[in-house]
Every structure is written in structure tokens, then in C-alpha cells.
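1. Give me a model of this one.
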Amino acid sequence: MPGSDRIHASYLVETPLAPEAVAEVMAGEQSCGTFTRVEGETDALRKRARATVESIEELESVDTPSLPNALLERKKTRGPWRRATVHLSFPVANIGANLPTLAASVAGNLYDLGEVTGMRLETMHVPAAYRARFDLPPLGIAGTRRVVGVAKGALVGTIIKPNVGFSAAETAELVGRLCAAGVDFIKDDEVSADSDHAPLAERVPAVMAVVRAHQQRTGKHVMVAFNITDETDAMRRHADLVEREGGSCVMASLNWCGFSAIQTLRRHTRLAVHGHRNGFGAMSRHPSLGIGFQAYQTLWRLAGVDHMHVHGLQGKFAQADAEVISSAYDCFTPLAEGIDDAVMPAFSSGQWAGTVPATWAAIGRDDLLLMSGGGILAHPGGAAAGVTSIRQAWAAVRAGVPLAEAAVDAAELAQALAFFGRT
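-> Below is the predicted model of the structure:
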């Protein structure tokens, strides 16, 4: 782990040049240097402010470059293209408690370097003293459990479907049915924010009226993540509205709002911030470009989010199960020793009762939010049966009972296995 004055980052680098030389270019470019030494760049300044190459681990070479590079093509540089893991460290004093500048320092121009045909930020670690300069999640795992009244077991959630098109009244009617079905959590879709046909000014009061009524009848608070993605001032207004109406959570599309907006939102409200990572695939799917989830979630957790999306096991998206699993463990892992800042991993995409065994086997704990859209709303017995089937599946895996065996005495689970298991 890093010392108290340095931030550590690791990268996958591909280059036809010597990895040692490229690592030094990376360190200079992202701190006090450029392609040549300039006036004023004294040895003392470099010692104080330059990023440091901590280590280099060379990997297997490849015969074809992963990405185009006009500079290398002009120079007629040939392969083989050497790959290496490069570890750099950065002085905290270069950056301060400035999240956008931290991101620019550990990534920034690295993706455009003329020396490389592959560049991926994989991991990032910050010292405890530096972590303490940023916001903690006010709810996180424990607080989210407390708000929804679920002491153990996975939180069962769902998504408003259809994604868009409902009026505020129609959305509220669906939320009322989902509350009655027994869900713990309901979220808007990422494309449903402050639409003309269901503006938040109408949708939030309508939805929260049925949430409050359900809570008065049953004592159960259902957490609703209203998508308030917008420009910063609008997000603050929308968060205030949710809070006035008795809500407990807001959602934002992290990549499109940006670090500054999420930090501003975090410091404005104590509501849970549900971090939706839509667009992350553009940053992560190519194995030689972009950013890995460990580094990505580190940056957003410094912004103070409470929940982070990780996709789902055996789901409908492109990520391998191994990536989903490691992402969940990243959410559980403190960013720095001695600081309790774990966030709730949100599993979604094609989740239903039948994906529960793989999730339990891989994660081994139920401090997670399992969000099921079709697995609840398309259950042949209705939404309540869909929720029950997922809870029955969790009870079975916790007891070490195969789902087929548990389904003998669990009609809703049996229906789910018969219906969704065909697809």
C-alpha cells in the first residue's frame, strides 16, 4: 500500500519501444516533465514533484499493435509490440484534494502518447491520509440496510419498466404495485430522468405518495433511486425535492455528470447516491485501452457514492463473470486501511432467481443489491411471485440446498425455473 505522501497506479502498456523508456515518459508527462527538459526543471524540482517509476513487469509480446498510432507509422516503427505492467507513484502534493486533477494525473494524456499502441489504467491506491480528505458514503452498505430495514439477505430490487413513456401517475401506480410485491429497492432507468411526459417535479411527489402510504401500512420503507442526472444546479434542486418528499436515494449517471457534479451533489445531500456506470463499457471493454474497474471505482468512491453498478453474473451484457466478481470485491474493499468506506455493489442485467446460486457461490455474502427487471415483472405469477422467487432462491443457497430441490416446496421458485430457465 502507498505511503502517506504518494498515490500509486498500475498500467498495462503496449509499445514497440523499450518499456523502461516509455515508463519514464509516462512519469514525466503526468507530473513535471514534457518530451524534453525545460528551463526551471531543476533536479530539486524533479525530486520533489516528478512521478516515479516504481517497477516494470514485462509480459508477452504480440505481433500486431492493438491500437493505431500515426506517429509510429510515420516513423515506420516496427514490432514486436512489447507489453508490460508499469507501476507509477505520484506525489500527493502535486494534486491536493482535487478529484478531477487526480483523474487527469493518473490518466490524462497517457492515452495519447506517441510511444504506445496500448494503454490501460488498471489499479489505483491512495494513502489513508489522502482518502480522509474526500467524502465518505453517508449510507454505504450498513446505512442502506438500515433505511430499508433488511438486516440480512440480499436486497431485492427492480427497475421501472417500460424504461420511458409512463406518465407520473402511471409510474406511481407501478411503484405502488412493486412496493406491495415486497421489493426493497426501485430505480429509474438511466434514460429516464426529467422527461417531458413525466417531469421529476410531478413524478417524485406522485411516487413518494405511494411509498409513504406503503410505509404507513406496513412499516416498510422502499428505497427509490430517482434518476436526477442533469446539470449541477438542477441535480441539487431535484435532490432537495426527493428529500422533502421523504425519499432516501437519488441516482446519477456518473460518466456523463462528471466528478465535480457528483462531488457537489454529495456535499449537498445526505441521501444515498446510487452510482450508475452506463458508458463504462466504452472505457473498459478493449483489454488494451481505457480503465479497469478497480481504478474506476476508486475515483468515484472518492466522490462519495453509496452504491456502484457491477453488472450481473450470467447476465445479458458483455462482461465476463470473473470481471463482475472482482468488481464486487472492489466495492467491498476499503480504499485505505482503517477507513470504513465500502459501497453496496448493485448487480443487474438479466438477473433472476436462477442467477442467485452463481452469485452466492462467487461472492459468499449477501451485502449486495440484486436488481431484477424482467425476472420480477415478467414472472408468470406476477411481480410479487417474482420477488418471492428470488428470496426463496437466496434462502436455498444460504442453506446449501439446490434450487431444484427447494422448488419442490416453493411454487414461485418452481414457476421461475420453468419459465425463465427455457431462455
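
2. From here on, just use CA atoms for contacts and neighbour counts.
-> OK.

3. Excluding chain neighbours, give the residue nearest to residue 207 in space.
-> Nearest non-adjacent residue to residue 207, counting by CA to CA, 6 or more residues apart in numbering: residue 172, 4.4 Å away.

4. Residue 165 reaches residue 199, doesn't it?
-> No: Residue 165 is beyond contact range of residue 199, at 11.3 Å (criterion: CA atoms under 8 Å).

5. so how far is residue 242 from the residue nearest to residue 207?
-> Distance, residue 172 to residue 242, by CA to CA, to the nearest Å: 14 Å.

6. quick one: which of the two has more around it?
-> Higher neighbour count among residue 172 and residue 242: residue 242, with 24 against 21, using other CA atoms under 10 Å.

7. And the more buried one, which helix or strand is it part of?
-> According to DSSP states H and E, residue 242 maps onto helix 232-244.

8. Skip ahead from that helix and say which helix or strand is next.
-> Sequence order places strand 249-253 as the next helix or strand after helix 232-244, per DSSP H and E.

9. which intervals of the stretch 251-400 of the chain have sub-threshold pLDDT?
-> Applying pLDDT under 70 to the stretch 251-400 of the chain flags no residue at all.

10. How about stretch 40-47, which residues are buried there?
-> Going by neighbour count (16 or more other CA atoms under 10 Å), the buried part of stretch 40-47 is residue 46.

11. Residue 346 contacts residue 366, correct?
-> No: between residue 346 and residue 366 there is no contact under CA under 8 Å: 11.2 Å.

12. What strands line up against the helix or strand containing residue 14, and which way round?
-> Element membership for residue 14, per DSSP H and E: strand 6-15. Applying DSSP bridges to the sheet, strand 6-15 is found paired with strand 82-91 (antiparallel), strand 118-125 (antiparallel).

13. Please identify which of those is closest to residue 400.
-> With CA to CA as the measure, strand 118-125 is the member of the strands paired with strand 6-15 nearest residue 400 (34.9 Å).

14. Only C-alpha atoms, please: export the closest one in PDB.
-> Output of strand 118-125 as PDB, limited to C-alpha atoms (Å, rounded to 0.1, in the frame of the first residue of the first chain):
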ATOM      1  CA  GLY A 118      -2.000   0.200 -25.800                       C
ATOM      2  CA  MET A 119      -2.600   2.000 -22.500                       C
ATOM      3  CA  ARG A 120      -4.900   0.900 -19.800                       C
ATOM      4  CA  LEU A 121      -5.100   2.200 -16.200                       C
ATOM      5  CA  GLU A 122      -5.700  -0.900 -14.200                       C
ATOM      6  CA  THR A 123      -5.400  -0.100 -10.400                       C
ATOM      7  CA  MET A 124      -5.100   2.800  -8.200                       C
ATOM      8  CA  HIS A 125      -4.300   3.000  -4.400                       C
END
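
15. Touching the helix or strand following it from outside, list them.
-> Following strand 118-125 in sequence order, the next helix or strand is helix 128-131 (DSSP H and E). Contact with helix 128-131 is made by 4-5, 92, 97, 302, 335-339, as judged by CA atoms under 8 Å, 6 or more residues apart in numbering.

16. List the contacts of the nearest residue to residue 62 once chain neighbours are set aside.
-> Excluding its sequence neighbours, the residue lying closest to residue 62 (CA to CA, 6+ apart) is residue 81, at 5.3 Å. The contact partners of residue 81, by CA under 8 Å, 6+ apart, come to 14-17, 61-65, 117.

17. how about residue 81, phi and psi?
-> Torsion angles at residue 81 (phi, psi; degrees, to the nearest 10) stand at phi -100, psi 110.

18. Check the offset of the helix or strand where residue 100 lies from the chain's centre.
-> Assigned by DSSP H and E, residue 100 belongs to helix 99-106. Distance, stretch centre to chain centre, for helix 99-106: 18 Å (CA atoms, centre = their mean, to the nearest Å).
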